[in-house]
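Colleague: okay, predicted coordinates and the sequence, questions at the end:
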Amino acid sequence: MKVSVVGTGYVGLVTGACLAEMGNDVLCLDVDPNKIRILEEGGIPIHEPGLDQVVARNVKAGRLHFTTDIERAVAHGTIQFIAVGTPPDEDGSADLQYVLAAARNIGRLMTDYKVIVDKSTVPVGTADKVRAAVADEIAKRDTDAKFAVVSNPEFLKEGAAVDDFMRPDRIVVGADDEQAILLMRALYAPFQRNHERLVVMDVRSAELTKYAANAMLATRISFMNELA
């Protein structure tokens, strides 16, 4: 399956490398030419145990590629992962400008059906904003290109991200488009051969699941600290 990943940070690079490891043709996009230069030279711009070997193996096999060319990335993948940063805004809320910019680029350049996947940690309702941004760009071009927006939150631990992705406890897919659900099931099938770990729900529920998981983790850490 052809997959594009927007962003080569912690989530994007792990996602791209692990999907390539399962045989997918993955193109990772970043607007930072320095990051792409490092990756093309065989380096890794982040520290994560085991990731360098996965990246090197799949680059050598021709399944993992890197680019700064937005048009090339949009044309490449039927599935488009958005895995850009969502830094805190001045009021503490998530800054969605990079997520929405990525969505607009996809809408501006897409010519066929795309599944646009929110992989970044985003607040509930972001998928609606992404859908509106893509639809707005498509309308400007007076075309009828079809697309679906999916929420697929990550549950990766620093230091164990590769293992977490390759052997997930759960895979959450929020979608209301049957074709998108089928494509996401096919994409994640190799990661759940022994046990069914993929849970399909509506988009907003998937977005909320990520925050619920983070809240539970914070509660458990606080409780353990009190016990200690």
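Modeller: Looks like it arrived, so ask away.

Colleague: what sits against the residue most central in space within the chain?
Modeller: Centrality entry for the chain: nearest residue to the mean C-alpha point is K119, 3.3 Å, by Cα atoms, centre = their mean. Shown in contact with K119 (Cβ atoms under 8 Å, 6 or more residues apart in numbering): 5, 11-12, 15, 81-83, 152-154. No exception for glycine: its C-beta is placed from N, CA and C like everyone else's.

Colleague: what about the residues you listed, which are in strands?
Modeller: 5, 81-82 (DSSP state E).

Colleague: could you dump the residues you listed to TSV with pLDDT and neighbour count?
Modeller: Listed next are those as TSV, based on pLDDT from 0 to 100; neighbours: other Cβ atoms under 10 Å:
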residue	pLDDT	neighbour count
V5	98	32
F81	98	28
I82	97	28
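
Colleague: lowest-pLDDT helix or strand in this protein?
Modeller: In the chain, the helix or strand scored least confidently by mean pLDDT, DSSP states H and E is helix 203-227, which has a mean of 73.

Colleague: what's the end-to-end length of stretch 9-29?
Modeller: Stretch 9-29 has an end-to-end distance of 10 Å (criterion: Cα to Cα, to the nearest Å).

Colleague: gap between stretch 168-184 and the chain center?
Modeller: Here the centre of stretch 168-184 is set off from its chain's centre by 13 Å, with Cα atoms, centre = their mean, to the nearest Å.

Colleague: residues of it that come out buried?
Modeller: Buried residues in stretch 168-184, defined by neighbour count with 16 or more other Cβ atoms under 10 Å: 168, 171-175, 177, 180-181, 183-184.

Colleague: wait, is R37 part of a helix?
Modeller: Yes - per DSSP: H, G, I helix; E, B strand; the rest coil, R37 lies within a helix segment.
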